[in-house]
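Undergrad: Attaching a predicted model along with its sequence, questions to come.
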Amino acid sequence: MKIHGKDMRSLWYEEGRLVFIDQRKLPQELAFFEAADEYDVARAISDMVVRGAPAIGCAAAYGMALAEDTKGAAGLLKATRPTAHDLFHAVAYMQDAMAHGEDAVHAAHAYTESIIEKCRRIGEHGRKLIFRGMHILTHCNAGALATVDYGTALAPLRMAKDMDIFVWVDETRPRLQGLLTAWELEQEGISHAVIADNAAGYFMRAGDVDMVIVGADRIAENYDVANKIGTYEKAVVAKENGIPFYVAAPVSTFDRSIPSGDHIPIEERGKEELLSLYRYQPGKVRNPAFDVTPHEYITGIITEEGIIEPEG
Ligand code: MRU
């Protein structure tokens, strides 16, 4: 990804440490967080220094590589966030690589490079769906920040940036990951506007959205998709308005052990994420971080291997 015109990644390994762009501080400040061991990496994942399913997976791979007790590290890292399948996929990959005698840092590099390459290929496949002047809506941040580079939902947009496209960016309450998306699009020079989450239906009904593309945290065997809270209602409104709804995700996000979205564990985060914007304290709040979009609302899932049509 470009940051102030320079090529950068959202995390990288340097002299025995894992360095993250601290996503809690963006877009106001470009700051970094350094992890020296698996405990720091676990903290970075649970506190959302790093976020987005594929990036969480890469962080966990390096967390395993930085650990002395890899068995303990596997348990620690897997307990950080429950929904993103890439986390579990990456830990299993590292356990397998190490069991086969592979150098742990080398394995974490290989895992991360393969995720980056998968995202690049998602971009190539997804680009074919985009026509000149298209207006595309996205939810949350499924960009380079969320995947180390390129992104999933944002990869096709990066590759189509010379096609005069325009992106509607849902702000994505409560943590406002949409602002991370707006920041990435700004860096790439892609035209966009941030909208309140509840404005998406307004623009869809007005005929101002040609396609929706989102990322995914976990995809079940039947192609039901867990993604950031609010994704489901965007998919329903898109279908109601005849707008194609695409999900972009690497195969590492697919959980073949889960028959449908009903079995995907949904993370519930702390109430302070909502309360920070309130001037009073309601008695009770709920804060599910993800929802499930049933496969019948999904036009296609863009993977590195091509586009799957769940209803096809
Ligand atoms: O809670 P987050 O910010 O980790 O949630 C991220 C999302 O829901 C993304 O859309 C998803 O992980 C895909 S990222 C390529």
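TA: Good, I have the coordinates.
Undergrad: Chain neighbours aside, what residue packs nearest to whichever residue of the stretch 101-250 of the chain sits closest to the ligand?
TA: Residue nearest to the ligand within the stretch 101-250 of the chain: G215 (2.6 Å; Cβ to the nearest ligand atom). Every residue, glycine included, has its C-beta placed from N, CA and C. Ranked by Cβ to Cβ, 6 or more residues apart in numbering and with sequence neighbours excluded, the top spatial neighbour of G215 is A142, at 2.7 Å.
Undergrad: hmm, back to that, so the residue of the stretch 101-250 of the chain closest to the ligand sits against A226, correct?
TA: No. With contact defined as Cβ atoms under 8 Å, G215 does not count as touching A226 (10.5 Å).
Undergrad: What residues does the stretch 1-150 of the chain have near the ligand?
TA: R51, G52, A53, P54, A84, C140, A142, A146, T147 (Cβ under 6 Å from any ligand atom).
Undergrad: residues near the fifth one, how many?
TA: Looking back up the chat, that one is A84. Other residues within reach of A84 by the criterion other Cβ atoms under 10 Å amount to 29.
Undergrad: before we move on, what about the one 10 residues further on?
TA: As a burial measure, the neighbour count of M94 was computed by other Cβ under 10 Å and equals 27.
Undergrad: How about the contacts made by it?
TA: Counting by Cβ atoms under 8 Å, 6 or more residues apart in numbering, M94 makes contact with A60, A61, M64, A65, T70, A74, A104, A107, A108, Y111.
Undergrad: cool, and R218?
TA: R218 neighbours (Cβ under 8 Å, 6+ apart): A53, T83, A84, H85, V225, A226, T253, D255, I258, I264.
Undergrad: Can you read off the pLDDT for S252?
TA: The score at S252 is 93. That number is its pLDDT.
Undergrad: Counting neighbours, what do you get for it?
TA: Residue crowding around S252 was assessed by other Cβ under 10 Å; the count is 24.
Undergrad: do the same with the one 4 residues further on
TA: Neighbouring residues of R256 were enumerated by other Cβ under 10 Å; the total is 10.
Undergrad: and what of the one 4 residues further on?
TA: Using other Cβ under 10 Å as the criterion, S260 is surrounded by 14 other residues.
Undergrad: these two touch, right, it and V225?
TA: No. Judged on Cβ under 8 Å, S260 makes no contact with V225 at a distance of 10.8 Å.
Undergrad: Around the ligand, which positions in the stretch 151-300 of the chain sit nearby?
TA: Contact residues (Cβ under 6 Å from any ligand atom) of the stretch 151-300 of the chain with the ligand: T152, Q177, G215, A216, D217, N227, K228, A289.
Undergrad: Phi and psi next, for the residue found closest to L154 once you drop the neighbours it is linked to in the chain.
TA: Nearest-residue entry for L154: G143, 3.8 Å, with adjacent residues in sequence omitted and distances by Cβ to Cβ, 6+ apart. In terms of degrees, to the nearest 10, the main-chain angles of G143 are phi -110, psi -160.
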